[in-house]
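# need a structure here:
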Amino acid sequence: MKNDLIFIVQECICIDFLINAIMASNIYKHLNFFNNLKKENLKNIKVICHLYKLTYNDELLIKDTPSIKLDRNAQNNLNTLLEYSLNVLTRVDILKKLYSNSCYNKLFQGLYNSYFDLISYIHCFCPLSSNTSFDLKSEKTDILNLDSNNHLFTFFNILSSHNVDFSHKENKIELIRDICIEAIYIFFDYYLVENLITDEYYEVFFESNPENKFYQFFFKSNNSSFKVRIYDKSLIVFYIYQFNDDTLNISPPLNKIDSKIAVDMYLKEKFKGEFNNLFCDENYISSSYYGNDIESYKFKYNYNNRSIEKCLYISIDVNSRIIQEIYLI
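Numbering: from 1, shown residues only. Below you'll find the predicted structure:
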């Protein structure tokens, strides 16, 4: 066990370096849960060092400082973070099975849960590509390859990932909040800075019906307001809306044809190759009015891929040319 504990601490040190790099990147620095993961990882290092001292009456010293190559690409660092976390998870799982002592078993189970949760948190935002598989029980660790575009598919790719049950976690609301903020950043290109949020709250719907239970989060920052709905069971974002009090109206307003072209361009940018699986329903068109003037158009797209059949409704403001609302059913 001596070498195992040293190995785990070495990997945890690398995890700390990687989390620091990811938190410093512009892409992920707004996700609050990385700070919690960092604190949890440092706490685990202290626990392992204390266990080492109690067991061997000696300080755990790292003679060979672990070296790790940080990438300028935050997505690659995220991939490496998953790799190191899986290394720890695998080694802890082995120790958990080797030592039947109740004290050791509880400690290793706690460490196992900690790094399993770390992997699960990241997996919610960056699902593993479909051709990548790994076994948490296996002694062999495979490098986890993430599709560089996966984080853009908050609506669709997360549907193909394993449902993660966070019902036992005290900070589930915090996780859901972070997912909502991430969705706002992805789909509306709006970085919701914590200290600039002037108002926020959430509501729970169908609380007694686990299959349909969802949360609705509201955020207000400066002159922008956002509403995000997310399912409790699967953590799938299925509705997102934005409104800006000081939107600059561009004259003349878009007509129906130009609105459709603008929506197509938006979907191509956000969904990349998945756009090819979206088919516009030409028989559906909905308009909202302000007085006698058209304010927005809503289009319907049918999505069919990987045995997933969904409908995507998307609204565009004809004056500001801003995507206002996206709804997945």
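# roughly how far is the host helix or strand of residue 113 from the heart of the chain?
Assigned by DSSP states H and E, residue 113 falls within helix 102-125. Offset of helix 102-125 from its chain centre (CA atoms, centre = their mean, to the nearest Å): 18 Å.
# got it, and stretch 273-280?
22 Å.
# Ok, stretch 221-233 next?
From the chain centre to the centre of stretch 221-233 is a distance of 15 Å (CA atoms, centre = their mean).
# Return the set of buried residues in that stretch.
For stretch 221-233, the neighbour count (16 or more other CB atoms under 10 Å) marks 221, 224, 225, 226, 227, 228, 229, 230, 231, 232 as buried. In this view, the C-beta of every residue, glycine as well, is placed from N, C-alpha and C.
# Please name the bridge partners of residue 310.
Going by DSSP bridges, residue 310 is paired in beta bridges with residue 303.
# The one 5 residues further on too?
Following DSSP bridges, residue 315 is listed with bridge partners residue 298, residue 325.
# Same check on residue 288?
Going by DSSP bridges, residue 288 forms beta bridges with residue 296.
# what residues are up against it?
294, 295, 296, 298, 315 (CB atoms under 8 Å, 6 or more residues apart in numbering).
# same deal with residue 212?
Counted by CB under 8 Å, 6+ apart, residue 212 has contacts 205, 206.
# can you give me the strands in the protein?
For the chain, the strands defined by DSSP state E occupy 197-205, 214-221, 224-231, 237-244, 278-280, 286-290, 293-305, 308-317, 323-328.
# Save those strands as a markdown table, and put in mean pLDDT too.
A markdown table is the format used below for the strands of the chain (pLDDT from 0 to 100):
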| stretch | mean pLDDT |
| --- | --- |
| strand 197-205 | 91 |
| strand 214-221 | 92 |
| strand 224-231 | 91 |
| strand 237-244 | 88 |
| strand 278-280 | 88 |
| strand 286-290 | 87 |
| strand 293-305 | 86 |
| strand 308-317 | 83 |
| strand 323-328 | 90 |
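# Mind putting these into JSON lines with distance to residue 111?
JSON lines is the format used below for those (distance: least, CB to CB, whole Å):
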{"stretch": "strand 197-205", "distance to residue 111": "32"}
{"stretch": "strand 214-221", "distance to residue 111": "30"}
{"stretch": "strand 224-231", "distance to residue 111": "29"}
{"stretch": "strand 237-244", "distance to residue 111": "31"}
{"stretch": "strand 278-280", "distance to residue 111": "43"}
{"stretch": "strand 286-290", "distance to residue 111": "53"}
{"stretch": "strand 293-305", "distance to residue 111": "38"}
{"stretch": "strand 308-317", "distance to residue 111": "36"}
{"stretch": "strand 323-328", "distance to residue 111": "37"}
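# Distance check, residue 179 against residue 237.
7 Å (CB to CB, to the nearest Å).
# Oops, could you answer that again for residue 13 instead?
34 Å.
# the more surrounded of those two?
A direct count of neighbours by other CB atoms under 10 Å for residue 13 and residue 237 places residue 237 higher, at 25 against 18.
# correct me, but the more buried one touches residue 180?
Yes - with contacts counted by CB atoms under 8 Å, residue 237 reaches residue 180, the gap being 7.1 Å.
# Overlap in contacts, these two.
228, 230.
# could I get stretch 184-193 in CSV with only the CA atoms?
Below are the C-alpha coordinates for stretch 184-193, written out as CSV (Å, rounded to 0.1, in the frame of the first residue of the first chain):
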residue,chain,number,x,y,z
ILE,A,184,-26.1,30.8,-21.4
TYR,A,185,-22.4,31.1,-22.4
ILE,A,186,-22.6,28.5,-25.1
PHE,A,187,-25.8,29.5,-26.8
PHE,A,188,-25.9,33.2,-26.2
ASP,A,189,-22.2,34.0,-26.0
TYR,A,190,-22.8,35.8,-22.8
TYR,A,191,-20.3,35.4,-20.0
LEU,A,192,-22.4,35.7,-16.8
VAL,A,193,-19.9,37.2,-14.3
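# before we move on, the earlier item: who are the packing partners of the helix holding residue 113?
On a contact count with 3 or more CB pairs under 8 Å, 6 or more residues apart in numbering; DSSP states H and E, helix 102-125 meets helix 33-56, helix 74-98, helix 172-188.
# Break this protein into its domains for me.
Listed by automatic domain parsing, the domain ranges of the chain are 2-153, 172-328.
# Can you list the low-confidence ranges for the chain?
26-32, 64-66, 100-102, 121-170, 246-251, 305-309 (pLDDT under 70).
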